[in-house]
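In: quick one, what's the 3D model for this:
(chains A and B)
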Amino acid sequence: MSRHLHAVRDPDAPTAGREGAPADVSSAALDETARWPLTALLGVSLAGLFWWGLFQVLAAIKLHAPGFLAGCPWLTYGRVQPVAWNLLVYGFGIPVGLMVATWITSRLSRTALVGGALIFLGSAVWGGGVLLGVLAIFSGHSTGVEGLEMPGFTVPVLFVGYLLMASPLLMTFFTRRATEVYVSQWYILSAVVVFPWLYLAGALQAVVYPGRGVLPASIASWFVHGVLVCWFGGLALAVALYFLPKLTGRPLPSRNLAVFGFWMLVFFGPLGGMVRRLDGPFPAWMSSLGVASCSLVLVAGYALLVNLAILLRGLGATVRAGTVTAFMAFSAGSFLLWTLLVPLSGFEFLHARTGYTLFAAGLDWLVLWGAFGTAMLGALYYIVPRLLGEDWIRPGWVRLHFGLAVGAVTLLVLSSLLGGWVQGGAINDPSLEYVRVAKRYIPFAATGTLAFLVLWGGALLLVIQLKWMLLRRWLGHCLPKLRGWCAPVDSEVRA
Amino acid sequence: MNQGPLLFLGILASLVVSWSVLVLTPQFQLGDQGMVRLEDTGKDYPASRAGEAAQGEQIYRANGCQYCHSQFVRGPGAGNDLARGWGARRTVSRDYLRETPAMLGSIRFGPDLANIGARDDHTGKLLLKLYDPRAVVAGSPMPRYPYLFEERALGEGEVPAANALRFPEGYRLPEGVDEVVPTRAAEQLVAYLGSLRAEPLFFEVFPPQAPKSEPTAATNAPPSTVTTNVAPAAVTTNTPPSP
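Out: Take a look at the predicted model:
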């Protein structure tokens, strides 16, 4: 942890290497090894993103147009909504997080990806598991445990799929050449090893062998909050702390502060799970612990704020000018706001009004899309051209997608938070009939529909451009090779 | 922080702590909760659900009713659930012993259902609401569930089914539909909703208006004066209303 270790500006600049490590390789060579496994992972996650957008828009429409497609049991709100959530978390969030994390690990470790074949297998198994789970929810076989709706038979499939997808990352990390383990790698390691434990413990105890009464609900809250903190928040931080120093050319100001923030987040983050179930039918100490732990995560947020504020001092114009850095800055800002709002909304003066309203959804969107989604989009716009060796065909679309995503997330979070405030006030006024309560929050829910449409449109820009690049790569590299194989050899021509 | 194995162990230890505190400890505290005998009525609480209502719980789960309706009542000081008439007291973990799983819900797009069986105990009205919420509450944002009903045309001289929905005056059925008959699933769902009622008298939670000066209040049993205050006789059973 001595000071000279972070004097390297670019976190993945070539280093001296550990003793006995193989010779250093160029970044291009690292990317070439990772190319097709990570593209497979990206394919799975973008499929998840596409279907998430479709069903999320559908669910949002159903919230304010209750007659829309009402006759089809598969498309009732109570099934489309959990399907959309599961597609976002398991279909998009997990594979895209792994893809970006694996790429960063390979770069930061200065080690070519180990065991890439496992990723192909793993993403197929994982994708199949999510598909099965989603079909089960559609057909009415949801478990009824919020956040773990996919039924028990998908648990082993998803678990094995995850192990296959994630093990190359760990193997690459543990055979690394670089001596220093950079901040981003701590967050990546915590996300990658915490998720399977959380998932296995949560799914086993809430779904497969559920406890009695309210216990599965509290276990699911622990699981969901832990995943939001360690996977969605942690990976957003890993990406932001990797790209911001790299692209601005400044070192991270304090590694010690980063160490402190990291452990505060990893220790107190999952401990705050009951903040999702305040005032519910649970022992009071669980609620208190939830709010207290989330308040301590605020310290982690503060440590991050100090580090980033010093790092980015005077660089406002540079950060805004680069699309990737702008994505990262927005992501870090959203994460900070989330760490502030979660404990704040746990206090009784706010929670008595905003608890169990759209406000809670707004907080989730703040970390899922505000912190994680934007960080991943920014990272993809940097990584994919290097991975495929092809430039973005329409650079203008990249900037357009940034504008759409940031605008949509801001609109979504603001409308949910405000809508929750209004909804909570109306619920707490017993003189209002419930249908009048609904009339007050529905405009905000309708605004959410617009935001989801824009988010989905932005995702389509990315998907279309990526397919275009893959096609061009295929035409440019693979087709000539194929032609070469099919062309008659010289001896045949002469004969 | 440059040692991979140490980092790994530290992360593992953090997670084990949160698991022990948030999963294991509640299991020790609540895991062996069982039914209790209520002194006033001599009945065990919470009694398990009758078959029809237990089937209805699966319909409730399959259609995701919990994504709009919560099933818990917050106590005084946390929101205004009691004033809204959602229950006579807050709900506690023991109320949910028979639930598999407890579908508490996270967002209250619709009203809370923890005590709907005590509040809205009218089978015909609930069925009508499931078929078309707007027929009961004008402007309701609740979706329709036509797939839980059978829409039939009546032939010449055919008499309507006994359990066909009775619509309010002026309600217009779709073209070619003469009667709407609830399926088995709809009736089970309504039986389940009827079974949702937290026992008002319960030694763990006193009703908010319970007089504190009563000398009997020092014991675990609820003071007898409270009985007449809040417990209408019909609410103390847990059996669903016969359809």
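In: pLDDT of stretch B:93-108, averaged?
Out: For stretch B:93-108, the mean per-residue pLDDT is 90.
In: dump that stretch to PDB, keeping only the CA atoms.
Out: C-alpha atoms of stretch B:93-108 as PDB (Å, rounded to 0.1, in the frame of the first residue of the first chain):
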ATOM      1  CA  SER B  93     -44.500 -12.200  12.200                       C
ATOM      2  CA  ARG B  94     -46.900 -14.700  13.900                       C
ATOM      3  CA  ASP B  95     -49.700 -13.600  11.600                       C
ATOM      4  CA  TYR B  96     -47.900 -15.100   8.600                       C
ATOM      5  CA  LEU B  97     -47.100 -18.600   9.900                       C
ATOM      6  CA  ARG B  98     -49.400 -20.400   7.500                       C
ATOM      7  CA  GLU B  99     -48.100 -18.400   4.400                       C
ATOM      8  CA  THR B 100     -45.900 -20.200   1.900                       C
ATOM      9  CA  PRO B 101     -44.400 -17.800   1.100                       C
ATOM     10  CA  ALA B 102     -45.600 -14.700   2.800                       C
ATOM     11  CA  MET B 103     -46.400 -12.300   0.000                       C
ATOM     12  CA  LEU B 104     -45.900  -9.000   1.700                       C
ATOM     13  CA  GLY B 105     -45.600  -6.800  -1.400                       C
ATOM     14  CA  SER B 106     -43.300  -3.700  -1.800                       C
ATOM     15  CA  ILE B 107     -45.400  -1.100  -3.500                       C
ATOM     16  CA  ARG B 108     -48.900  -0.100  -2.600                       C
END
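In: now do the same for the closest residue to chain A within chain B: its pLDDT.
Out: Of all residues in chain B, residue B:64 sits closest to chain A, at 2.2 Å by Cβ to the nearest Cβ. In this view, the C-beta of every residue, glycine as well, is placed from N, C-alpha and C. Note for residue B:64: predicted pLDDT of 94.
In: nearest residue to it in space, please, no chain neighbours.
Out: Leaving aside its chain neighbours, residue B:64 sits nearest to residue A:78 (2.2 Å; criterion: Cβ to Cβ, 6 or more residues apart in numbering or on different chains).
In: so where's the chain shaky on pLDDT?
Out: Because you didn't say which chain, this covers chain A. A:1-23, A:492-495 (pLDDT under 70).
In: can you look at chain B instead?
Out: Low-confidence segments of chain B (pLDDT under 70): B:1, B:120-121, B:199-243.
In: does residue A:29 really touch residue A:112, like I thought?
Out: Yes - between residue A:29 and residue A:112 there is a contact under Cβ atoms under 8 Å: 6.8 Å.
In: so for these two, which sits in the more crowded spot?
Out: Counting neighbours by other Cβ atoms under 10 Å in any protein chain shown for residue A:29 and for residue A:112 shows that residue A:112 has the greater number, 18 against 11.
In: the nearest residue to the more buried one once chain neighbours are set aside: how many residues sit nearby?
Out: In space, and not counting its chain neighbours, residue A:112 is closest to residue A:33: 4.1 Å by Cβ to Cβ, 6+ apart. The number of residues packed near residue A:33 is 17, by other Cβ under 10 Å.
In: list the contacts for residue A:33?
Out: Each residue near residue A:33 by Cβ atoms under 8 Å, 6 or more residues apart in numbering or on different chains is listed here: A:106, A:112, A:113, A:116.
In: go on, residue A:299?
Out: A:261, A:264.
In: please, which helix or strand holds it?
Out: Assigned by DSSP states H and E, residue A:299 belongs to helix A:284-311.
In: do the same with residue B:180
Out: Going by DSSP H and E, residue B:180 is in strand B:179-182.
In: mind listing the strands that strand pairs with, and their directions?
Out: The pairing partners recorded for strand B:179-182 under DSSP bridges are strand B:149-152 (antiparallel).
In: show me what counts as buried in the partner strand.
Out: Of the residues in strand B:149-152, B:149, B:152 count as buried by neighbour count, 16 or more other Cβ atoms under 10 Å in any protein chain shown.
In: one step back: helix/strand/coil for the residue nearest to residue B:64?
Out: helix (DSSP: H, G, I helix; E, B strand; the rest coil).
In: quick check, it in contact with residue B:60.
Out: No - counting by Cβ under 8 Å, residue A:78 sits too far from residue B:60 to count as a contact (9.0 Å).
In: overlap in contacts of these two?
Out: Residues touching both residue A:78 and residue B:60 by Cβ under 8 Å, 6+ apart: residue B:66.
In: let me see the ranges of the helices in chain B.
Out: Shown for chain B, the helices assigned by DSSP state H span residues B:4-19, B:25-30, B:51-62, B:116-119, B:123-131, B:133-136, B:184-195, B:224-230.
In: out of those, which is the most enclosed?
Out: helix B:184-195 (a mean of 24; mean count of other Cβ atoms under 10 Å in any protein chain shown).
In: touching chain A at all, that one?
Out: No - Helix B:184-195 does not reach chain A (Cβ under 8 Å from any Cβ of the partner chain); its nearest approach is 9.8 Å.
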